[in-house]
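Undergrad: model the structure of this input:
(chains A and B)
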There are 2 protein chains.
Amino acid sequence: MKAEIISIGDELLIGQVVNTNASWMAEELNKAGIQVVQISSVSDEGEHIKAAVNEASERADIILMTGGLGPTKDDITKKVLMEYFGSKPVFHDETFEHIKGLFKVRNYPVTEVNKMQAEIPDNCIVLPNRVGTAVGMWFEQDDKVFVSMPGVPFEMKTLMTEQVIPKLKDRFGTTYIVHKTIMTIGIGESMLAAKIEDWVEQLPENIKLAYLPQPGIVRLRLSVSGNEEKILKEIVEQQSDKLYNYVPKAIFGFDDISLEEVLGIILKEKGHTVSTAESCTGGYIAHLLTSIAGSSEYFYGSVVSYTNQVKANQLSVSKTDIEKYGAVSQQVVEQMATGVRDLLKTDYSMATSGIAGPDGGTKEKPVGTVWIAIAGPEGVKSKLFHFGEHRGRNIRRSALMAMNMLRIELSK
Amino acid sequence: MKAEIISIGDELLIGQVVNTNASWMAEELNKAGIQVVQISSVSDEGEHIKAAVNEASERADIILMTGGLGPTKDDITKKVLMEYFGSKPVFHDETFEHIKGLFKVRNYPVTEVNKMQAEIPDNCIVLPNRVGTAVGMWFEQDDKVFVSMPGVPFEMKTLMTEQVIPKLKDRFGTTYIVHKTIMTIGIGESMLAAKIEDWVEQLPENIKLAYLPQPGIVRLRLSVSGNEEKILKEIVEQQSDKLYNYVPKAIFGFDDISLEEVLGIILKEKGHTVSTAESCTGGYIAHLLTSIAGSSEYFYGSVVSYTNQVKANQLSVSKTDIEKYGAVSQQVVEQMATGVRDLLKTDYSMATSGIAGPDGGTKEKPVGTVWIAIAGPEGVKSKLFHFGEHRGRNIRRSALMAMNMLRIELSK
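TA: Numbering: from 1, shown residues only, chains lettered A, B, ... in the order given. This is a model prediction of the structure:
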């Protein structure tokens, strides 16, 4: 089954927005066994949208469109599709009630333009949008499916996951593609490839392996397709079990689970609590931990100590040591970890102190130099890292490595 | 002048790679006064590439392609373009010398496939690639320009900046497109549209307006094209100045600047320092503030108080008040703000306490209920918000609203 993605919006064509929607959709469609043959970004112009839909329908069976469904004048996708499919507008009470409900919660008044969002083409199936005001619209013509969704990423993702993908599977599917993604951390892509070489060699021919690197993390995705889902699942499980022996410490989870979620699960299981003392990560570890629902069970809090005064006064780091060794040092990061653990009375703690950049580097401690410590009932451990020059990535990698040190400690 | 971008590579169609190349190119082309009419991602298949080039040449004068120029078998762009333009291969000594030079530096042996990279179509202009092995190729046919570049981002960017853009300017001349993006916060898209209706009505016809909403933020983009860059800039400046009177508090900046950057600039200018006390935002405000380089000048630190004990012990919030009013209350959030301001000795502070969800809501305080306070030399102010059901967005919106309250306070 072949699909095409049409992303509608001038913002894509002037480079203001990177088309992350399309790559997310492509990945989800592929997982569902649907091949994406083309992705097109087009302008907010009626004739252009129609031409793109026409061209796409010559190549694909499924045409997925995002964008141009907002309440304002430049959002014309609905109007254009009504012309294309010869639709008449009908007022959709359910949608209007839903819009009114959303606005009530936010204490916004409902305006005339919002009311117009409840006017729906008569010849489409409405895909209700529980997280936004613009509904999805599912048209069928000449055995092909055309779906229009809003461009706001979380609205599109909710519609895709809950409605579009399941409906497409119902409508078209029989071949299964089974994927399993193995999440690894702490080993770079080429080093990882070398370590698992023998495992890669023995993989059956029908299993595809993809390396999907991100800063600090490498995902390994196994894919296999066939007719019997149960057998396919067994095949990838077997291979993923085998892989474990090659890099036991590096694998922290499966199928796009985040490290903060894995760490949360371990902490909850063991009944341990945690706190953080953050300098270069500036609260990012706390943010990652608290992005997980239910984290208040194990996360007590954090002291973000961006100045030496806060390190000394709140975390009881020795002023002499700060002067003698510098804020970015083993001595200071270890005292930060034990300091916050004592202060917030948690079982474990993580601490970071480093030079995120772009300024602040020296010859001995260049940008990217980061000390990380974890403290627990059995004492404190620390490790020195050298990341790169990019501030955002240094913060991200520091947070990941801190959580990974604690994960490994707790898994012992 | 109209351009189209064709990104070639299967990795784009399985969602493995986000197409950041295309958005970067679109931005650069727009800056050069060249309008991008479509961006297409296509597979590594000859017929598909040719069809895309054909379609693009019907819409645009300039067709820019990236990808598929590597040394491996799946890289077929050059072969396909030679068929398309009826080219013969010629061996390009200069390119081969350059490739040999690159390999010598890296201590790699030159293989037969590398030698093939020096075979160039006879009817193209070679655009030497000083940072890689695959050259750019510039074809002309029927008054249209077709350029093929490697897909490796820094190679493409070097070629675009140093050769393609200057050559396109020479070839096609001088229409300018000027954009200005106005960043607003605190007013939803439809409410904003209602408030600025009169301003929208009076916009000259040659100015295009686009609404670009994100959770908590709505960006308004003005675009105008013409021959004299200076006049165009004046036109958008005038309109952006006029808009200010309609929503003076809502506008926090221009051209995709972030709120945390704006707040940092104001704090730096005024010589003020800041701290945060975070419950529901869990360190996210601190993270946003410290994502800005140089934030250590004004940001001292943060206490993330995820438990009532930390609120009471570290931030001196009254235990009686926590019991009486609950942690999510005006009383508690104001004491958190004054508590962290006193503790870390900063001029200003921000505090958040709310129910991020998905659990923890009650009838009186449903998920999305958030109290935010700011404290400063003139006392403490607080405000109650009702966001939605989504944990991540509640955290994001709480952080934005806290920073916005402080921004408005400091702008008085």
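
Undergrad: are we agreed that A:Tyr300 is in a strand?
TA: Yes: applying DSSP: H, G, I helix; E, B strand; the rest coil, one finds A:Tyr300 inside a strand.

Undergrad: doesn't A:His272 make contact with it?
TA: No: using Cβ atoms under 8 Å, A:Tyr300 is not in contact with A:His272; the gap is 10.9 Å. The way it works is simple: take the backbone N, C-alpha and C, and place the C-beta from them, glycine included.

Undergrad: more crowded one of those two?
TA: Higher neighbour count among A:Tyr300 and A:His272: A:Tyr300, with 23 against 16, using other Cβ atoms under 10 Å in any protein chain shown.

Undergrad: against A:Leu288, how distant is the more buried one?
TA: When distance is defined by Cβ to Cβ, to the nearest Å, A:Tyr300 is 15 Å away from A:Leu288.

Undergrad: helix or strand: which one has A:Gln38?
TA: Per DSSP states H and E, A:Gln38 falls inside strand A:35-42.

Undergrad: quick one: the strands in the stretch 51-200 of chain A?
TA: A:62-66, A:89-91, A:119-121, A:125-127, A:136-141, A:144-149, A:176-185 (DSSP state E, counting those that start in this stretch).

Undergrad: could you list the contact residues of the stretch 301-412 of chain A toward chain B?
TA: The stretch 301-412 of chain A comes close to chain B at residues A:301-307, A:309-310, A:314, A:343-345, A:356-359, A:391-392, A:395, as judged by Cβ under 8 Å from any Cβ of the partner chain.

Undergrad: also the stretch 51-200 of chain A?
TA: A:52, A:55, A:70-75, A:102, A:105-109, A:111, A:113-114, A:131, A:152, A:154.

Undergrad: touching chain B at all, the strand holding A:Gln38?
TA: Yes: residues of strand A:35-42 contacting chain B under Cβ under 8 Å from any Cβ: A:Gln35, A:Val36, A:Val37, A:Gln38, A:Ile39, A:Ser40, A:Ser41, A:Val42.

Undergrad: got a list of what the closest residue to A:Leu102 other than its chain neighbours touches?
TA: Using Cβ to Cβ, 6 or more residues apart in numbering or on different chains and skipping residues adjacent in sequence, the residue nearest A:Leu102 is A:Thr133, 6.3 Å away. By Cβ atoms under 8 Å, 6 or more residues apart in numbering or on different chains, A:Thr133 lies in contact with A:Pro71, A:His98, A:Ile99, A:Leu102, A:Asn114, A:Gln117.

Undergrad: what's the weakest-modelled helix or strand in chain A?
TA: strand A:208-214 (a mean of 81; mean pLDDT, DSSP states H and E).

Undergrad: tell me which strands that strand pairs with, and in which orientation.
TA: Strand A:208-214 sits in its sheet next to strand A:217-226 (antiparallel), going by DSSP bridges.

Undergrad: CA atoms of the strand it pairs with as PDB?
TA: Below are the C-alpha coordinates for strand A:217-226, written out as PDB (Å, rounded to 0.1, in the frame of the first residue of the first chain):
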ATOM      1  CA  ILE A 217      21.600   7.600  22.300                       C
ATOM      2  CA  VAL A 218      21.600   5.100  19.500                       C
ATOM      3  CA  ARG A 219      18.400   3.300  18.600                       C
ATOM      4  CA  LEU A 220      18.600   0.000  16.800                       C
ATOM      5  CA  ARG A 221      15.500  -0.900  14.900                       C
ATOM      6  CA  LEU A 222      14.700  -4.400  13.800                       C
ATOM      7  CA  SER A 223      12.000  -4.800  11.200                       C
ATOM      8  CA  VAL A 224      10.500  -8.000   9.700                       C
ATOM      9  CA  SER A 225       7.400  -8.400   7.500                       C
ATOM     10  CA  GLY A 226       5.200 -11.300   6.800                       C
END
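
Undergrad: quick check: buried residues in the helix or strand that that strand is followed by?
TA: Next in sequence after strand A:217-226, counting helices and strands by DSSP H and E, comes helix A:229-244. Judged by neighbour count using 16 or more other Cβ atoms under 10 Å in any protein chain shown, the buried positions of helix A:229-244 are A:Leu232, A:Ile235, A:Val236, A:Gln239, A:Ser240, A:Leu243.

Undergrad: over to stretch A:215-228?
TA: For stretch A:215-228, by 16+ other Cβ under 10 Å, it's A:Gly216, A:Ile217, A:Val218, A:Arg219, A:Leu220, A:Arg221, A:Leu222, A:Ser223, A:Val224.

Undergrad: wait, isn't the second one in contact with A:Ile182?
TA: Going back to what we said before, that points to A:Ile217. No: contact criterion Cβ under 8 Å: A:Ile217 and A:Ile182 do not qualify, at 10.9 Å.

Undergrad: picking up where we left off before, tell me the one among the buried residues of stretch A:215-228 nearest to A:Asp198.
TA: Of all the buried residues of stretch A:215-228, A:Asp198 sits closest to A:Leu220, with 14.5 Å by Cβ to Cβ.

Undergrad: which strand residues bridge the closest one?
TA: Once the bridges are assigned, which here means DSSP bridges, A:Leu220 pairs with A:Ile182, A:Tyr211.

Undergrad: now do the contacts for it.
TA: A:Leu220 neighbours (Cβ under 8 Å, 6+ apart): A:Thr181, A:Ile182, A:Thr184, A:Leu192, A:Ile196, A:Leu209, A:Ala210, A:Tyr211, A:Leu212, A:Leu243.

Undergrad: buried subset of the residues you listed, written for PyMOL?
TA: Buried residues within the contacts of A:Leu220, by 16+ other Cβ under 10 Å, are selected in PyMOL with:
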select buried, chain A and resi 181+182+184+192+196+212+243
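
Undergrad: quick check: of the contacts of A:Leu220, which lies closest to B:Pro366?
TA: A:Thr181 (35.3 Å).

Undergrad: quick one, phi psi at A:Val317?
TA: phi -80, psi 140 (degrees, to the nearest 10).

Undergrad: any regions of the stretch 101-250 of chain A where pLDDT drops low?
TA: For the stretch 101-250 of chain A, residues meeting the criterion pLDDT under 70 lie at A:174.

Undergrad: who's in contact with A:Met183?
TA: A:Met183 neighbours (Cβ under 8 Å, 6+ apart): A:Ile217, A:Arg219, A:Ile251, A:Phe252, A:Gly253, A:Phe254, A:Asp255, A:Asp256, A:Ile257, A:Leu259.

Undergrad: how about it: what's its closest non-neighbour residue?
TA: With Cβ to Cβ, 6+ apart, the residue lying closest to A:Met183 is A:Gly253, at 4.7 Å.

Undergrad: ok, A:Ile187 next?
TA: Counting by Cβ to Cβ, 6+ apart, the residue nearest A:Ile187 is A:Ala250, at 5.1 Å.

Undergrad: with A:Lys115 instead?
TA: In space, A:Lys115 comes closest to A:Phe96 once its chain neighbours are excluded; the distance is 6.6 Å by Cβ to Cβ, 6+ apart.
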